[in-house]
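Asks: From the sequence below, what's the structure:
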Amino acid sequence: MELAAARTAVLSPAQIRGRLSQRLDLFKGGRDADPRQQTLRATIEWSQDLLPEPEQHLFARLSVFVGGWIFAAAEEIVGADVDRLQSLVEKSLVRRTGDRFWMLETIGELARERLQTSGEADDFRRRCAEYFLALAERAEPALKGADQPAWLQRLKDEHEHLRASLDRFLEHGDGEPASRLAGALCSFGSIPVRTRLGAGRSGVVRPHGARSVKRATYDSPVWWALLEGVPDDDVRRVLSVARRRTFGRGEVVFHEDDPADSLHLVAEGRFASSCRTPLGEDVLLALHVRGDAFGELALVSPDACRTATVTALDKGETRCVHRVDFDELRAKHPSVDRMLVGLLAARLRLMNERLLESFYEPSEKRVLRRLLELADAQESDEIALTQEQLAALAGTSRATVNAVLSHERRAGTLEVRRGAVVLADREALRRRAGRRPR
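Replies: From the prediction side, this is the model:
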């Protein structure tokens, strides 16, 4: 507080708050202050330099964790023991809440710098990613057993680590563990808003809002983002062996837990992936429209089962590609494999939003969010669906949907027609749904 107060002669409190990311070097004391207390950095470095060498190493290595950690994880990943960790707690360099340990952000910032300069950062990040991959794979079967509540809480506590682990795998081109991690977590609330893949070179997933205008050149009017960068002749070969399938409104493409052996490329219509979570709620996993793909987990493992039920929201058509044919394409073109992993990554990266939503958000907000996602996906304010379908997508009852639509109709933000909802004021609906305006 004293160091921050010394800056008020030049900066307002709001300006100081805006520069907190530079806190280690921003806060400086007066010229008459002890050199060890003239900056926040100097104060923390002084405390850290007083530690015995083994505790200095542990202090730096603990910064590999994102947010907080439990003792068992620190013991396995960074070699923590009870005595050294207790010493760091007693010196206030590490804090403890319940069974989780954590660092103040300012202290953690210095610890991360020390880890980076030690040359050990990448090794410990790899260990951390592998630990949480193993955790996710242990959790997958446990979510269906008597220990389900405890595992749900454990995964909820570690969701930042799971996301950071996936990022680490992708950054290093480790597609196999990235696929395993994404697959293991699909049954635990990995419930994304609809996404579209970007350029395969970076593996970045971009929001669907910026729809590409690229046209297909491989004798098909549809351009599938998953096949971007693949030569037209190869795409033609895959499509030549793909089975054309058509679906009526409300028809199920496949059920959760069915054997998975094929990928679907959407040619026409809208499809919804949904599943029943371990908490017993029916929730929307994703919306798929023309140019999208679903069923990608079938391509990850030969023993895979469907992790969701996919239903046609209206008349639709797909190209169904068997795993054997797609594996041949992946082997020939690594960019396809990167995009496939990126698609799985998108499922996981957006897990936080829907996971927290399922725990804390009221059903009224979920109804509005599903409407907005449908409108964004099809780039139209008119959404053709029944109240029963909307209730299923939002994981709530038809009565709740009816009440929400009636309220919004009176507010002038939407219109309700037979078998359709028309959004009249998207920005107002975004605010009501707790979304940022566009």
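Asks: Burial check on the closest residue to residue 229 other than its chain neighbours, number of neighbours?
Replies: Leaving out its chain neighbours, the residue that sits closest to residue 229 by CB to CB, 6 or more residues apart in numbering is residue 335, at 4.4 Å. For every residue, glycine as well, the C-beta is placed using N, CA and C. For residue 335, the neighbour count with other CB atoms under 10 Å is 16.
Asks: ok, now how distant is residue 335 from residue 225?
Replies: To residue 225, residue 335 is 12 Å away according to CB to CB, to the nearest Å.
Asks: got it, and residue 381?
Replies: In terms of CB to CB, residue 381 sits 24 Å off from residue 225.
Asks: Between those two, tell me which one has more neighbours.
Replies: Here residue 381 and residue 225 are compared on neighbour count by other CB under 10 Å; more neighbours surround residue 225, at 24 against 14.
Asks: is it true that that one touches residue 289?
Replies: No: counting by CB atoms under 8 Å, residue 225 sits too far from residue 289 to count as a contact (11.5 Å).
Asks: How much space separates residue 103 from residue 117?
Replies: 17 Å.
Asks: Give me the below-cutoff pLDDT ranges for the stretch 101-250 of the chain.
Replies: 175, 183, 186-221 (pLDDT under 70).
Asks: Which stretches in it count as helices?
Replies: Secondary structure of the stretch 101-250 of the chain by DSSP state H, counting those that start in this stretch: the helices cover 105-118, 121-142, 148-157, 159-171, 175-185, 232-241.
Asks: Could you dump those helices into JSON lines with distance to residue 268 and mean neighbour count added?
Replies: Output for the helices of the stretch 101-250 of the chain, formatted as JSON lines (distance: least, CB to CB, whole Å; neighbours: other CB atoms under 10 Å):
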{"stretch": "helix 105-118", "distance to residue 268": "49", "mean neighbour count": "17"}
{"stretch": "helix 121-142", "distance to residue 268": "34", "mean neighbour count": "18"}
{"stretch": "helix 148-157", "distance to residue 268": "37", "mean neighbour count": "16"}
{"stretch": "helix 159-171", "distance to residue 268": "32", "mean neighbour count": "21"}
{"stretch": "helix 175-185", "distance to residue 268": "28", "mean neighbour count": "23"}
{"stretch": "helix 232-241", "distance to residue 268": "15", "mean neighbour count": "15"}
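Asks: Of all those helices, which one is nearest residue 95?
Replies: With CB to CB as the measure, helix 105-118 is the member of the helices of the stretch 101-250 of the chain nearest residue 95 (9.0 Å).
Asks: What is the distance between the helix or strand where residue 73 lies and the centre of its chain?
Replies: Element membership for residue 73, per DSSP states H and E: helix 71-78. For helix 71-78, the separation from the chain centroid amounts to 25 Å (computed by CA atoms, centre = their mean, to the nearest Å).
Asks: Return the residues in contact with residue 269.
Replies: Residues in contact with residue 269 (CB atoms under 8 Å, 6 or more residues apart in numbering) are 247, 289, 290, 312, 313, 314, 315, 316, 317.
Asks: which of these lies closest to residue 390?
Replies: The closest of the contacts of residue 269, once distances to residue 390 are taken by CB to CB, is residue 313, at 10.1 Å.
Asks: okay, now the closest one: neighbour count?
Replies: Using other CB under 10 Å, the number of residues around residue 313 comes to 24.
Asks: pLDDT wise, what is the closest residue to it other than its chain neighbours at?
Replies: Distances taken as CB to CB, 6+ apart place residue 270 nearest to residue 313, at 4.2 Å, with adjacent residues excluded. On the pLDDT scale, residue 270 is placed at 88.
Asks: so residue 270 makes contact with residue 292?
Replies: No: at 9.5 Å, residue 270 and residue 292 do not qualify as touching, with contact defined as CB under 8 Å.
Asks: quick one, phi/psi of residue 425?
Replies: phi -150, psi 90 (degrees, to the nearest 10).
Asks: So for it, what's the nearest residue that isn't a sequence neighbour?
Replies: residue 413 (4.5 Å).
Asks: Neighbours of the one you found, how many?
Replies: Count around residue 413 with other CB under 10 Å applied: 20.
Asks: low pLDDT regions in the stretch 301-438 of the chain?
Replies: Across the stretch 301-438 of the chain, residues meeting the criterion (pLDDT under 70) sit at 301-302, 337-339, 341-360, 437-438.
Asks: which residues in it form helices?
Replies: Ranges of helices in the stretch 301-438 of the chain, per DSSP H, counting those that start in this stretch, are 323-332, 334-349, 351-360, 363-378, 387-394, 398-411, 426-432.
Asks: would you list the ones you listed in TSV and tack on distance to residue 97?
Replies: Output for these, formatted as TSV (distance: least, CB to CB, whole Å):
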stretch	distance to residue 97
helix 323-332	45
helix 334-349	26
helix 351-360	19
helix 363-378	29
helix 387-394	34
helix 398-411	36
helix 426-432	34
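Asks: right, and those helices - which one's nearest residue 94?
Replies: Closest to residue 94 of the helices of the stretch 301-438 of the chain is helix 351-360 (CB to CB; 25.0 Å).
Asks: so what are the domain limits for this protein?
Replies: Domain assignment for the chain, taken from automatic domain parsing, gives 2-121, 215-333, 361-432.
Asks: Ok, which of those comes nearest residue 138?
Replies: domain 2-121 (12.4 Å).
Asks: Residue 47 and residue 88 touch, don't they?
Replies: No: Residue 47 lies out of contact with residue 88 (CB under 8 Å); the separation is 10.4 Å.
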